[in-house]
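Trainee: mind looking at a prediction? Sequence and model below.
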Amino acid sequence: MKIYSITTDNKFKEYAEIGFKDEHRESILENWLENNPDKIIEDGKLLIIGRQVNTNLGSYIDLLAIDRQGDLLVIELKRDRTPRETLAQALEYCSFAEKLSYEQLDEIFRDYSGDEALNLAQYHREYFGLIPDEAVVFNNDQRIVIVGQKITPEIRQTSLFLRNKGVRVTCLEFTFFKADGGLRLLSTNIVVGSESPNISKVSSSSLPAITESFFLNSIDSNGKVIFEKLLTWAKSKSFPIHWGTKGFSLNVDLSGTHVAFCFGYPPNAVYQQSIYSALFGRGGLLSKIDISEQELQSLFSDARNTGLFQPAGRELKCLINRQFSEEETDKLILWLTKVTQEVEKHGLKGQGESHI
């Protein structure tokens, strides 16, 4: 494939095609795919849930993704392997992915995101904007995506055969160009896929964590007032602050164990600019603190009575999409103070009251 620019005198000037590996490491392409998941397959948006996911055979899946329907996609870079090795490894990874339970997918996603409070089902629903009665079955089917600068005839032929047998394979070929002034162009072409067509603990490498200054620069003026006051309050109380890939968690330190009691997110997060509670969800207070569900329900009701929170699954969210009054900000911090007092009062499960 050739790409031309048109000069001022209406002449075609060809862009120079170069080998991707001449100027880039393989990880760069992985980054590009990771940050542009809606450009990978022929029929829609993807949610990346893992990178370099280790399998039960000691190998690693480049990228693991989920589509709107909940089906898994194994995304594999061709690299310098032979066609036979490329397809064999992709099938091996797909056979591994087929056996993953929802709980294991949830764990992979939390490892990847660096946020132990994330719930895959809830995040998936908000990420794809699913309507309330739109059902999703996770990992009901699997797909293979092979990405390379050159998809060989052997890979094409075998991939088409697999598609005819019901194995969903997509082959994405890309061409890299460089123009005068350092302009870089990437052309992609789906060469296969546009036609009609119990495992031990697993983990994923994490995205890089953000910093406080990065977070504060990413929020709007409404959020800046709330979050600056919230973070100042947390520091004055010596509450540990854990920074994730998008936002942060505020924690109570119980003899070295950090227990999260709320989470903050910026406008570009799936959860929007908000503060989430950590009462009942996975990794929440119910699973970590020696407290009854009735006592947590009382905290839940107190939060609703402030007029600042609304239900978000089993949790509560405070959307910061407007300017809060000083009284409202004080109400928010007062409720969070009450939550931390309950954490300190009850202590960790199995250890009795801490009486801090």
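Mentor: Structure received. Numbers count the residues shown, from 1 in each chain.
Trainee: hey, let's count contacts and neighbours off CA atoms from now on
Mentor: Fine.
Trainee: which parts of the strand ranked longest in the chain are buried?
Mentor: With secondary structure taken from DSSP state E, the chain has its longest strand at strand 168-178. Buried residues in strand 168-178, counted by 16 or more other CA atoms under 10 Å: 168-177.
Trainee: do stretch 337-356 as well
Mentor: For stretch 337-356, by 16+ other CA under 10 Å, it's 337, 339-340, 342-348, 353.
Trainee: in JSON lines, list these along with secondary structure, pLDDT and distance to residue 164.
Mentor: JSON lines is the format used below for those (DSSP: H, G, I helix; E, B strand; the rest coil; pLDDT from 0 to 100; distance: CA to CA, whole Å):
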{"residue": "337", "secondary structure": "helix", "pLDDT": "97", "distance to residue 164": "60"}
{"residue": "339", "secondary structure": "helix", "pLDDT": "96", "distance to residue 164": "57"}
{"residue": "340", "secondary structure": "helix", "pLDDT": "96", "distance to residue 164": "58"}
{"residue": "342", "secondary structure": "helix", "pLDDT": "95", "distance to residue 164": "59"}
{"residue": "343", "secondary structure": "helix", "pLDDT": "94", "distance to residue 164": "57"}
{"residue": "344", "secondary structure": "helix", "pLDDT": "94", "distance to residue 164": "60"}
{"residue": "345", "secondary structure": "helix", "pLDDT": "94", "distance to residue 164": "62"}
{"residue": "346", "secondary structure": "helix", "pLDDT": "93", "distance to residue 164": "59"}
{"residue": "347", "secondary structure": "coil", "pLDDT": "92", "distance to residue 164": "58"}
{"residue": "348", "secondary structure": "strand", "pLDDT": "91", "distance to residue 164": "55"}
{"residue": "353", "secondary structure": "coil", "pLDDT": "46", "distance to residue 164": "62"}
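Trainee: with these in mind, which one is nearest to residue 112?
Mentor: The nearest member of the buried residues of stretch 337-356 to residue 112, counting by CA to CA, is residue 348 at 26.4 Å.
Trainee: what bridges to that closest one?
Mentor: residue 289 (DSSP bridges).
Trainee: ok, it touching residue 288?
Mentor: Yes. Counting by CA atoms under 8 Å, residue 348 does reach residue 288; the two are 5.8 Å apart.
Trainee: how about the contacts made by the residue nearest to residue 241 when sequence neighbours are not counted?
Mentor: The shortest distance from residue 241 to any non-neighbouring residue, by CA to CA, 6 or more residues apart in numbering, is to residue 250 (4.9 Å). Residue 250 makes contacts with 234, 239-242, 260-263, as judged by CA atoms under 8 Å, 6 or more residues apart in numbering.
Trainee: which one of those sits closest to residue 272?
Mentor: Nearest to residue 272 among those, with distances taken as CA to CA, is residue 263, at 11.9 Å.
Trainee: other SSEs contacting the helix or strand harbouring the closest one?
Mentor: Using DSSP states H and E, the element containing residue 263 is strand 257-265. Helices and strands touching strand 257-265, by 3 or more CA pairs under 8 Å, 6 or more residues apart in numbering; DSSP states H and E, are strand 248-254, strand 274-277, helix 285-288, helix 326-346.
Trainee: packing partners of the third one?
Mentor: When you say that, I think you mean helix 285-288. Counting contacts by 3+ CA pairs under 8 Å, 6+ apart, helix 285-288 packs against strand 257-265.
Trainee: mean confidence (pLDDT) on the strand it packs on, please.
Mentor: For strand 257-265, mean pLDDT is 93.
Trainee: what residues of that strand count as buried?
Mentor: 259-265.
Trainee: cool, stretch 37-52 as well?
Mentor: Buried-residue list, stretch 37-52, by 16+ other CA under 10 Å: 37, 40-42, 45-52.
Trainee: first-to-last residue distance for that stretch?
Mentor: 16 Å (CA to CA, to the nearest Å).
Trainee: how far does that stretch sit from its chain's centre?
Mentor: Distance, stretch centre to chain centre, for stretch 37-52: 11 Å (CA atoms, centre = their mean, to the nearest Å).
Trainee: just stretch 74-87 next, same as before
Mentor: Offset of stretch 74-87 from its chain centre (CA atoms, centre = their mean): 25 Å.
Trainee: any chance you could list what contacts it?
Mentor: Here stretch 74-87 makes contact (CA under 8 Å, 6+ apart) with 26, 30, 61-65, 90, 93-94, 97, 142-148, 152, 154-155.
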